[in-house]
Structures are given as C-alpha cells and as structure tokens.
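*Asks:* following is a predicted model, sequence given first.
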Amino acid sequence: MQPERHFTDQNGEQMMAIGHRSHWPLEEDMTFLNHGSFGCCPRPVLAYQQELRDRLERQPVRFFVHDLESLWDEARTSLAHFLGATPEGLTFVANATHGVNTVLRSLEFEKGDELLVTDHEYNACRNALNYVAERTGAMVSVAKIDLPVKQPEDILASILEKVTSRTKLLLIDHVSSPTAVVFPMESIVKEMRSRGIETLVDGAHAPGMLPLDLENLGAEYYTGNCHKWLCAPKGAAFLYVRPDCQPRIRPLAISHGANATRKDRSPFHLEFSWTGTSDPTACLSVPKAIEWVGQQHPKGWPGVMERNNLLALCARSYISESLNWQPTAPVSMVGSMVSFHMPDSETNTQPTSPLYADPLQDKLWGEHRVEVPIIPWPAPPKRLMRISSQLYNAPEDYFKLTESLKIVLPS
C-alpha cells in the first residue's frame, strides 16, 4: 500500500517548507537533500558577511589591529551562549577537522598508549588519528558498531568493550557523518571520565541540529562546524577546550600569541585569536546566522530543531515504506539526517573521491536534479543513502527522491 503523500506535524497540520526558498542561494530547479555535507548559508547572512569584508578592505590596518579583537570576542560570546559554554573555553577554528587535528597534534602520547575510535568516525578525522598514532607509537583501537543500531546502550557497550588500562583518549562523533546516527554523548563522556579517559568529541553536525550544553557535558574537547546546521558561512567552526585542559592545547599555526606578555587574556586566547592573516568574516558572521535562522520559527531555535527532526522522521517513514528500505537507527537516535540501507552497488570498487562518487548519485543528479549522498558502508558494494532536512526542505522533496529512485534503480 502506497503511504500518504503528505506529512503532518504534532498538531495534525501538513508540513511544508518554512520561509521563502528565495532566502537560500540554491539553484531553483533542484531537489537538495544534502545539507549535511556542506550546509547552505542564507542570503541575509552572506550579505552581512560581505558588509564585514567591505569594512575590512576599506581600512585593513584599522580592522585587524583595532577592531578585530572586540568583534571576535562578541562573536565568540554569542556562540558560547548558544552552545551552553563559557566564552573562556571557546575559540574559533576553520572547520571541525581542523579542530580535531588541533587537539590530536597537541596531546602527547607514548608507545603502547591506545587511542579509541569507532568505525563510524569521519574519514578525515580517522586519518588524523592514524597519523598521530604512527608518529608516537600509540595504537588505534576500533569499536565496531553494527547497523541497524537498536538502542543507545548498544553503542556504549561496544565502546566499553574496547577500553583497557592503556586507553588514553576516545575520539567520537556526536552525529556520525556517514551513518547519521546520533550517539548517546552524555553517557559516553560520563563513562570515559569515570575511567580517567579523555574524550574528543567530533561534533561536526551537532550545532544547530541538537540542543547542546557543553559545560554540563563535561568533555575535555569538543569541536563543531557552524557552516552546517547553524547555516553560517564556510570557514566558521569552533573548538571548546575545558579550562583545565587548555595549557596543553596549542593552535596548528604558532604565531604572535606564543610570546605575548599581555595579562588581560589567557594564553589560550592569545594564541588562538591570531594564527596569521586570514579572512575572519565567516566566524564574525556566526551571531547573524544564529539570529536569522532562529527568527524563522515562532519557537526560535528549539522550534527549528524540532521541525527539522520531525521532517526527517516523516521522510524516513515515507521512504522506508515506499522502497522497503531499512533505517539504520531508532527514532530516538535521529536528528536532522537519516540514513537507509539500500541495494548493493553494481560495482565493487572504492569511490575515487572522499566526497562520494557512486554512479547512482551522479545519475540522480544528472537525470533528475536530485542531490543526495550515497555512501559506501561499511565497504563496497554495501552502501547507504543519507537524507537531510532543513528549513527550505518540504515533503515534496522526498516524494521527488522516491519517484526518481524507482526510475533509476534496477528493477
């Protein structure tokens, strides 16, 4: 039986896109279901960033020498409030991969130390972990998490099975990039702390998708992107370092702050607030993104997150029923993305691009103007499809995806 071709919210009202699609600089004739990869920045936020760029270029010395520090602090304070963190613990970085590298390459490990990770970790960050292990003689231990996940406790159990007396650090996704599973971060961090193990949370997808309270979470290190679900410009991300851990963490680029003698700022912020000349306007635009997106829903950001989650769950049910595809996680572990097990690929080769290269993905785009990622998981020919839901998405997008898949998939 074909499922109903409409989605309803908690009040029984039909769901639709929020706001005008014209606010988003997406091509008008495409169905965009891949917000999770790179996000999309609304036009008003991009316009604000351009104002900052114009201000910078009118008088670069004044901007960098006299204006930037206060603007940086204001933006950092705004983001800290949104994340439930103190401004003292937060700094900006270019992206979450940069944040993961910053922590891993600051910490000291010895031969025989174990660095724990799951098999759901984002490939770029797993590469950084492998690099550090190779250079220090540490060992990488991998917790295998099978799909579909049945309950949050299963993830925690799989991680704890790999913990030993030599485990020094856990690198863990908050929301898995390849599989879209929301991990039970509070219980994971609590269990690691009870065993004296530090946690580095790769929260690339979490800000703007999930409510965050970094102070109460208690992780030693947490990094996340602002260009994804916060919808800030590309190049805006953050690194949170618990104050007691800050003396050990240095930026990847050592610059003027390393020998600064100022006493009105912490060494952490003296180093991280200037790592060389770059365009800081993406980070300075984060408060504008927080403000603008929050204004698009009557309930503010809680309403945005709730709406995107509900749309993802409705799309999950529709696609699952229409195609008989199995979701990879229970409802309680879904944010604004959902992944499905799909038929095996007709090829058994690894993709040539780390940013996905499944022929079916290309076909959906080339023939139907549907942009959605297809991910080899756990290895070819097995694969997943991951869909996203953002304010500009509507139920019609998922109907279009489903009908397109019925055409392009082998019968």
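*Replies:* Alright, I've got the coordinates. Numbering: from 1, shown residues only.
*Asks:* can you list the weak-confidence ranges in the stretch 1-150 of the chain?
*Replies:* Scanning the stretch 1-150 of the chain for pLDDT under 70 picks out the ranges 1-4.
*Asks:* how about the strands of it, start to end?
*Replies:* Applying DSSP state E, counting those that start in this stretch to the stretch 1-150 of the chain gives strands spanning 31-32, 90-93, 114-118, 139-143.
*Asks:* of all those, which one comes closest to Met342?
*Replies:* Closest approach to Met342 among the strands of the stretch 1-150 of the chain is made by strand 31-32 (17.3 Å; CB to CB). (Glycine included, C-beta is placed from N, CA and C.)
*Asks:* related to what we said a few turns ago, any chance of the strands of the stretch 1-150 of the chain in TSV, plus distance to Asn216 and mean neighbour count?
*Replies:* Output for the strands of the stretch 1-150 of the chain, formatted as TSV (distance: least, CB to CB, whole Å; neighbours: other CB atoms under 10 Å):
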stretch	distance to Asn216	mean neighbour count
strand 31-32	35	20
strand 90-93	15	24
strand 114-118	23	23
strand 139-143	25	17
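*Asks:* got TSV for those, with distance to Leu104 too?
*Replies:* As requested, the strands of the stretch 1-150 of the chain are exported to TSV (distance: least, CB to CB, whole Å):
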stretch	distance to Leu104
strand 31-32	33
strand 90-93	13
strand 114-118	8
strand 139-143	11
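*Asks:* figure out which of these is closest to Tyr221.
*Replies:* strand 90-93 (11.6 Å).
*Asks:* ok, longest helix in the chain?
*Replies:* Ranked by residue count and defined by DSSP state H, the top helix of the chain is helix 300-323.
*Asks:* just the CA trace of it, in PDB.
*Replies:* Provided in PDB are the C-alpha atoms of helix 300-323 (Å, rounded to 0.1, in the frame of the first residue of the first chain):
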ATOM      1  CA  GLY A 300      13.100  30.100  17.800                       C
ATOM      2  CA  TRP A 301      15.900  27.600  17.600                       C
ATOM      3  CA  PRO A 302      14.100  24.900  19.700                       C
ATOM      4  CA  GLY A 303      11.400  25.100  17.100                       C
ATOM      5  CA  VAL A 304      13.800  24.900  14.200                       C
ATOM      6  CA  MET A 305      15.500  21.800  15.600                       C
ATOM      7  CA  GLU A 306      12.100  20.200  16.400                       C
ATOM      8  CA  ARG A 307      10.700  20.900  13.000                       C
ATOM      9  CA  ASN A 308      13.800  19.600  11.100                       C
ATOM     10  CA  ASN A 309      13.800  16.400  13.200                       C
ATOM     11  CA  LEU A 310      10.100  15.800  12.600                       C
ATOM     12  CA  LEU A 311      10.500  16.300   8.900                       C
ATOM     13  CA  ALA A 312      13.400  13.900   8.800                       C
ATOM     14  CA  LEU A 313      11.300  11.300  10.700                       C
ATOM     15  CA  CYS A 314       8.400  11.700   8.300                       C
ATOM     16  CA  ALA A 315      10.600  11.300   5.300                       C
ATOM     17  CA  ARG A 316      12.200   8.300   7.000                       C
ATOM     18  CA  SER A 317       8.800   6.600   7.300                       C
ATOM     19  CA  TYR A 318       7.700   7.500   3.800                       C
ATOM     20  CA  ILE A 319      10.900   6.300   2.100                       C
ATOM     21  CA  SER A 320      11.100   3.200   4.200                       C
ATOM     22  CA  GLU A 321       7.500   2.200   3.300                       C
ATOM     23  CA  SER A 322       7.700   3.200  -0.300                       C
ATOM     24  CA  LEU A 323      11.000   1.400  -1.100                       C
END
